[in-house]
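Q: structure of the sequence below:
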Amino acid sequence: MINTQEILRVENLHVSTNNKEIIKNLNISINRGEIHAIMGKNGSGKSTLAKVIAGHPSYEITKGKIFFESENITYQEPESRAHKGIFLAFQYPIEIAGVSNIDFLRLAYNCRQKKLNKQEVDPLSFFKLINKKLQTIDMNSSFLNRHVNEGFSGGEKKKNEVLQMSLLNSQLSILDEIDSGLDVDALKNIANNIKRFASDRNAILIITHYQKLIDYIKPNYVHIMDKGKIVISGNETIASDIDQHGYECLPTNQ
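A: As a prediction, the model looks like this:
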């Protein structure tokens, strides 16, 4: 039976890069209205999983399947996945010299509108739309005229990723270490905006090292990755146990 509430399902996933297996027999299912967090040591495969779901070409899926809204997208191009409603916020957002933020955002928005068979917006209409989004996430409008991420601080880059997430309104948002390098105030701002964006129509997958973001967001599920697979799942109390005792304290199914 098809679960109409299920947005993402990953089955028995095996992934390699440069002839080295990074992900091994990984399974996860995410429904609408849910926030999931994945934690784990460096090198456990967290960021690889995020990129593979988004369709990064540097990784080879050797076994298993990825379903998005019941459609098998295992070998689809990243552009196709983005148009269908998968958004990936990068751990290290790149700078794009010579391209203004507002032009970049309008192009991304109109590409999504076109794919959804909706009317594209003109520059003036988009300016009104994006300013409303800026107010929501407490971001200064001066960012619109700056080149994409060029000269941005770490916190500004992460805010820009959240702005894109809010604008594109994708069904599945994958946030790869959106909290890295942020001070306390910036972290609270990012967490509040993630919670504000979450709804019963979308799902969010957060990759993180830190309990603090878990404390702020309180995801429905926390998964621990080790050596390329999810070894334990539970609620936010797992993050607290890790913070106090480290990953070695947790029982696993290995």
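Q: please enumerate the strands of the stretch 51-200 of the chain.
A: Assigned by DSSP state E, counting those that start in this stretch, the stretch 51-200 of the chain shows strands spanning 60-68, 71-72, 86-89, 96-100, 147-148, 172-176.
Q: now these in TSV, with distance to residue 213?
A: C-beta: built from backbone N, CA, C; applies to glycine. Converted to TSV, those look like this (distance: least, C-beta to C-beta, whole Å):
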stretch	distance to residue 213
strand 60-68	25
strand 71-72	30
strand 86-89	13
strand 96-100	27
strand 147-148	25
strand 172-176	9
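Q: OK, contacts around the residue nearest in space to the middle of the chain?
A: The chain has residue 174 as the residue nearest its centroid, 1.4 Å off, counting by C-alpha atoms, centre = their mean. By C-beta atoms under 8 Å, 6 or more residues apart in numbering, residue 174 lies in contact with 50, 53-54, 86-89, 204-205, 207.
Q: over to residue 193?
A: 136-137, 162, 166.
Q: circling back to that earlier point, may I see the contacts of residue 174 organised as a markdown table, with distance to residue 196 and neighbour count added?
A: Listed next are the contacts of residue 174 as a markdown table, based on distance: C-beta to C-beta, whole Å; neighbours: other C-beta atoms under 10 Å:
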| residue | distance to residue 196 | neighbour count |
| --- | --- | --- |
| 50 | 22 | 22 |
| 53 | 23 | 22 |
| 54 | 23 | 17 |
| 86 | 20 | 26 |
| 87 | 16 | 24 |
| 88 | 20 | 24 |
| 89 | 15 | 23 |
| 204 | 11 | 26 |
| 205 | 17 | 26 |
| 207 | 20 | 24 |
